[in-house]
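In: sequence and computational prediction follow.
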Amino acid sequence: MLRMSFSARRQSLRGLGSAVAMAVALAGGSVIGAAATGSAAMAQEQPDLTPSREFNKVYQPVADIAYATAGDFAAAKAQLPALLAAAQTADDRYLTGSASYVLGLKLRDRALQLQGMELMLQSGKATRVAAAELSYHLGEAAYDAQQWAKARQLLQAARTGGYTAGNAEGLTAESYFKEGQFQPGIAYLEGLVQQRAAAGQEVPEVWLRRALQVALDQQMSEEANRLSALLVRHSPTERNWRDAITVIAQVNTLEPKAQLDLLRLMALTDALSDRRAYERYIEAADPRVNASEVSRVLAAGLSAGVFASGDEYYADVKRIVDERMAEERSDASAYAAEARGAANGRAARNAGEVYLALESFGEAEEMFKLALEKGGIDRDEVLTRLGIAQVRQNKLADARATFEQVSGARAAVARMWSAYVSSRA
C-alpha cells in the first residue's frame with residue numbers, strides 16, 4: 001500500500017508560481033479614482049463674523065465688487081494686499097480669505113482661491129464643517145504640488161472633521177506611495193480596512209488591489225501574503241481568488257503538497273481558469289495517489305471545455321484513474337486499521353489523505369487528528385489538511401482555529417484557507 005508517484009514522464013511537478021505569469025495584472029494604477037480636482041466648488045457654511053471698524057472701511061468696497069454678479073474683479077483683486085494689511089482680528093482674516101476665494105473663482109485664478117482658503121482656515125473662524133472642506137481642498141492642492149507630508153496632514157484633518165465628499169483616503173495612500181514610503185502606505189490602507197470591517201462597512205476592493213500591487217512591485221512578500229488574504233476575505237470574487245492564489249504561489253517557496261492545497265482552494269472558489277491550471281492540479285494531486293480527486297478534476301475540466309474526451313492527455317490520465325479508483329476505498333480502510341495500532345501518525349496521515357480525496361471528510365478529520373496525536377509527521381501539513389476537512393464539513397469555527405495553528409512555510413497557505421472561512425462566515 002505504497003503512496004505511489006505519478007509516471008516518470010510527469011514526475012517533475014511544474015511549480016504553481018512558475019507556470020503562471022510572474023506579474024499579476026492588478027487593476028488600477030492608484031486609489032485616488034479621478035485625478036485631483038482643479039478647483040474647489042465649496043458650499044461654504046459662513047460663521048457669524050464682525051469685522052473691526054478700520055478694517056471694514058477697506059473691506060466693504062472690495063466685498064461689494066467680489067460678491068456682485070458683475071464688476072471689475074481684477075481691480076478688486078489689486079486691493080487684496082491692502083485688505084490683508086488692514087486685518088486686525090481673526091474675523092478680519094476670515095473675511096479677507098473669503099473675498100479672495102470668491103474673486104479667485106470669478107477670475108479663474110487657482111492660486112488666489114488657495115490663498116483665500118488658507119486664510120479662512122488659518123483664521124480659526126471657519127465652522128467645523130467648513131474647516132473640514134477647506135482642509136480637503138488644500139490637501140488636494142498640496143498633493144498636486146507634491147507636498148506629501150502637508151497633503152497628509154490636511155487630508156487627515158478633513159477626515160477628522162467629517163468631510164466625505166472627496167477621496168481623502170485614496171490621496172493619502174497615494175501620497176505615501178509617490179514619496180516612496182511603501183510600507184507606511186500599505187499600513188495606512190490596512191488600517192482603513194480594519195476600521196471599515198470593524199464598523200461593518202464595505203471595504204473598497206481597489207484599496208486592497210492597489211496595496212497588493214505595491215507589495216508585489218516592491219517585493220514585500222509578507223505584506224503580499226497578508227494582503228492577498230485580505231483581498232479575498234473582503235471581496236471573494238473568482239478573479240480575486242485566482243489573482244490572490246497566484247500571488248501566494250509567486251512570493252512563497254512551496255513544496256508540491258502545499259501547492260496542491262492551494263489548487264484545492266482554487267477549485268473550491270471556481271478560480272481554475274485554463275487548461276494549465278487544471279493540469280497543475282492533476283499533477284499535484286497525482287492520479288496514482290488521489291485517483292478519486294483527480295477524477296473530479298478531469299470531469300470539471302471536461303465540463304468547462306478545457307479537456308476533450310479524445311485528447312491524449314485526458315485519456316492518459318483517465319486510464320490511470322480508472323485503474324486506481326477501485327483500490328482507493330480499501331486502501332483507506334487498511335491505512336485506518338494500521339493507524340490505530342501504529343507507533344507514529346504516518347499511517348493515520350495516509351488514511352486521512354485518501355479519505356480527503358474520497359470526500360469522506362468526517363473520516364479524514366478523525367485520521368488527521370489521530371496523526372497529530374501520535375506525532376512523527378509534518379505537523380503543519382496535517383493541520384492544513386485537517387482544516388480543509390473541517391471546512392468541507394462546514395465546521396468553520398473549528399477550521400479557523402486549526403488554520404491559526406499552522407506556522408512556517410505553510411502559514412501563507414493556511415491564511416488563504418482561513419480567508420475563505422471568513423468570506424463564508
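Out: That came through, no problem.

In: run the chain-centre distance for stretch 261-270.
Out: 19 Å (CA atoms, centre = their mean, to the nearest Å).

In: and if you look at stretch 151-165?
Out: For stretch 151-165, the distance to the chain centre is 23 Å (CA atoms, centre = their mean).

In: any idea how far whichever strand or helix holds residue 172 is from the chain center?
Out: Using DSSP states H and E, residue 172 sits within helix 168-178. Chain-centre distance of helix 168-178: 16 Å, with CA atoms, centre = their mean.

In: what helices and strands are in contact with the helix or strand just after it?
Out: From helix 168-178 onward toward the C-terminus, using DSSP H and E, the following helix or strand is helix 182-198. Counting contacts by 3 or more CB pairs under 8 Å, 6 or more residues apart in numbering; DSSP states H and E, helix 182-198 packs against helix 168-178, helix 205-217, helix 221-234. C-beta coordinates here come from the backbone N, C-alpha and C atoms, glycine included.

In: contacting residues around helix 182-198?
Out: 31, 169, 172-177, 202-203, 207-208, 210-211, 214-215, 218, 220, 223, 226-227, 230, 234 (CB atoms under 8 Å, 6 or more residues apart in numbering).

In: same check, this time on stretch 338-345
Out: By CB under 8 Å, 6+ apart, the list of residues contacting stretch 338-345 reads 347-348, 350-351, 367, 370-377, 382.

In: and it, how far out from the chain middle?
Out: That offset, for stretch 338-345, works out to 43 Å (CA atoms, centre = their mean).

In: buried sites along that stretch?
Out: 339, 342, 345 (16 or more other CB atoms under 10 Å).

In: next: stretch 208-219.
Out: For stretch 208-219, by 16+ other CB under 10 Å, it's 208, 209, 210, 211, 212, 213, 214, 215, 216.

In: now the spatially most central residue of the chain: how far from residue 219?
Out: In the chain, the centroid-proximal residue (CA atoms, centre = their mean) is residue 208; its distance is 2.5 Å. Distance of residue 208 to residue 219, computed by CB to CB, to the nearest Å: 18 Å.

In: ditto for residue 354
Out: Residue 354 is 39 Å from residue 219, by CB to CB.

In: cool, and residue 275?
Out: To residue 219, residue 275 is 30 Å away according to CB to CB.

In: for the top helix by length along the chain, the distance to its chain's centre please.
Out: In the chain, assigned by DSSP state H, the helix with the most residues is helix 312-341. Relative to its chain's centre, helix 312-341 lies at 39 Å (CA atoms, centre = their mean).

In: distance of residue 316 from residue 260?
Out: 20 Å.

In: ignore the last one, residue 315
Out: For residue 315, the distance to residue 260 - CB to CB - is 23 Å.

In: those two - which one has more neighbours?
Out: Legend: neighbour count by other CB atoms under 10 Å for residue 315 and residue 260, higher for residue 260 (25 against 12).

In: need the nearest residue in space to that one, chain neighbours excluded.
Out: residue 284 (4.0 Å; CB to CB, 6 or more residues apart in numbering).

In: quick one, phi psi at that neighbour?
Out: For residue 284, the backbone dihedrals (degrees, to the nearest 10) come out as phi -70, psi -40.

In: I'd say it and residue 263 touch.
Out: Yes. Counting by CB atoms under 8 Å, residue 263 is a contact partner of residue 284 at 5.6 Å.

In: follow-up on the earlier one: out of the contacts of stretch 338-345, who's nearest residue 333?
Out: residue 351 (8.2 Å; CB to CB).
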